[in-house]
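1. sequence-free structure coming up:
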Ligand SMILES: C[C@H](O)[C@@H](O)CC(=O)C(=O)O
Ligand SMILES: [Mg+2]
């Protein structure tokens, strides 16, 4: 039973100095400090439960997202949680259609990141009040109710509410068995943590052998800044993991369209399953061109971590511009918008491989992909096209969720990885709550960690 009126919304700027170790670095973002605008919702209900929500940032600019969250706050304050989730589509529209704030979006950029943070907190609170982890709240929800949370505006030309309902209704078949499968074995993951661009070859080697020891079979390597460097690093990692294990590459938007095709032709010998973000995330037709050009090489295109909203995903799917779709729990408008993308991907039969390279993203996105497997995709297998082109992929499982091994210790309910798979969270909520001590220490600029770092810069 949902209860309480939202009595307080607070938001803090929390930053981790990951750039000091090169963690998270890529060809475009060379010095990221993994950060978050961290929202806490309180209600007047007697249970004392709070909702926690984040959106992911890279350091500078988090203060701008914090401002945007504060600008959205009047839409939540004094609202009944029951009214919000009772007409979640209406509430989503209200937030994204604020007559003035919409001008600085719409449904994109800073204001949409802020929407994600706020709505992630609402979903966390709802799941907590129901006493269920978010994935289970979604799995158990009546399909009619679930579709009523989604905003189909701008996507009805490819997915109507009725079609979405049909997908979810069909997904009810075999749901129990799939839930048991998840609880027993978890959802397959791949690791990005061995091969950030700023890591030396020695670090790469050391992390890669540790990951192999720990049972990882799927690896992602950052590329795109320097071709000779890429060839050396890809050779190193391919030699270490052997020919059978899966390798993905990520260029983080570094190339022009023809450059992407030429560059990937040179890296094809290392047999990547996909090239991720080869060019601008806004260039739908550019992705389609790259995708078509790389099919003969057996290389797919993956993108999504910087796709603004469901409209861009719709067009990427319509244009056959991607073979792997990467949702992001903190860039799209929370669970509401992510679910509409999962359903479109199902309709187009494109595997979803969520983005998780950031602070807290693994914690959140595991809920969405576990729900996807149990209630939507019902599959861990890839589409047939790659299997036909590259027979050796038959044995690989292409549905997988990204994992990065950073900063989990700051979360109250950190992810649990067993045998390179995400084990379904058991605690109620969306796993978004950070440890208060960590937040205090890393708050920018007055937390202990930053006071020291900033003082050292001055001296
Ligand atoms: C800046 C982030 O670490 C980015 O490199 C993450 C990413 O592209 C991924 O995980 O994929
Ligand atoms: Mg990426």
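-> Arrived safely, thanks for sending. Please read all numbers here as calculations on a predicted model, not as lab measurements. Ligands and ions are numbered 1, 2, ... in the order given.

2. contacts and neighbour counts: CA atoms only from here.
-> Noted.

3. what's the nearest residue to the residue of the stretch 1-150 of the chain found nearest ligand 1 if we skip its chain neighbours?
-> Across the stretch 1-150 of the chain, no residue is closer to ligand 1 than residue 24, which sits at 3.5 Å (Cα to the nearest ligand atom). Leaving aside its chain neighbours, residue 24 sits nearest to residue 196 (5.9 Å; criterion: Cα to Cα, 6 or more residues apart in numbering).

4. Number of residues surrounding that neighbour?
-> Using other Cα atoms under 10 Å, residue 196 has 22 neighbouring residues.

5. surely it meets residue 22?
-> Yes: Residue 196 lies in contact with residue 22 (Cα atoms under 8 Å); the separation is 7.2 Å.

6. of all the residues in this protein, which ones are close to ligand 1?
-> 24, 25, 26, 29, 32, 252, 355, 356, 357, 358 (Cα under 6 Å from any ligand atom).

7. The last one: neighbouring residues, count only.
-> In terms of burial, residue 358 registers 24 neighbours under the definition other Cα under 10 Å.

8. wait, is it part of a strand?
-> No: counting by DSSP: H, G, I helix; E, B strand; the rest coil, one finds residue 358 to be coil, located in no strand.

9. Can you give me the pLDDT of it?
-> The model reports residue 358 with a pLDDT of 98.

10. Number of residues surrounding the nearest residue to it once chain neighbours are set aside?
-> Residue nearest to residue 358 in three dimensions, not counting chain neighbours: residue 34, with 6.0 Å by Cα to Cα, 6+ apart. By the criterion of other Cα under 10 Å, residue 34 has 23 neighbours.

11. pLDDT (mean, whole number) over stretch 121-131?
-> Mean per-residue pLDDT for stretch 121-131: 98.

12. ditto for stretch 445-459
-> pLDDT averaged over stretch 445-459 gives 95.

13. quick revisit: list phi and psi for the residue nearest to residue 358.
-> Phi and psi for residue 34, reported as degrees, to the nearest 10, are phi -60, psi 120.

14. Please apply the same query to residue 7.
-> Per degrees, to the nearest 10, the backbone of residue 7 is at phi -100, psi -20.

15. quick one, what contacts it?
-> Taking Cα atoms under 8 Å, 6 or more residues apart in numbering as the contact definition, residue 7 lies against 41, 42, 43, 44, 77, 78.

16. so what secondary structure elements neighbour the host helix or strand of the first one?
-> Secondary structure assignment for residue 41, by DSSP states H and E: strand 35-43. If contacts are counted by 3 or more Cα pairs under 8 Å, 6 or more residues apart in numbering; DSSP states H and E, strand 35-43 sits against strand 6-15, strand 50-57, helix 62-72, helix 109-130.

17. so how many other residues sit close to the closest residue to ligand 1 within the stretch 201-350 of the chain?
-> At 5.7 Å from ligand 1, residue 252 is the closest residue in the stretch 201-350 of the chain, using Cα to the nearest ligand atom. Look at residue 252: counted by other Cα under 10 Å, it has 25 neighbours.

18. Would you check how far apart the residue nearest to it when sequence neighbours are not counted and residue 300 are?
-> Nearest-residue entry for residue 252: residue 277, 5.0 Å, with adjacent residues in sequence omitted and distances by Cα to Cα, 6+ apart. Applying Cα to Cα, to the nearest Å, the value for residue 277 to residue 300 is 11 Å.
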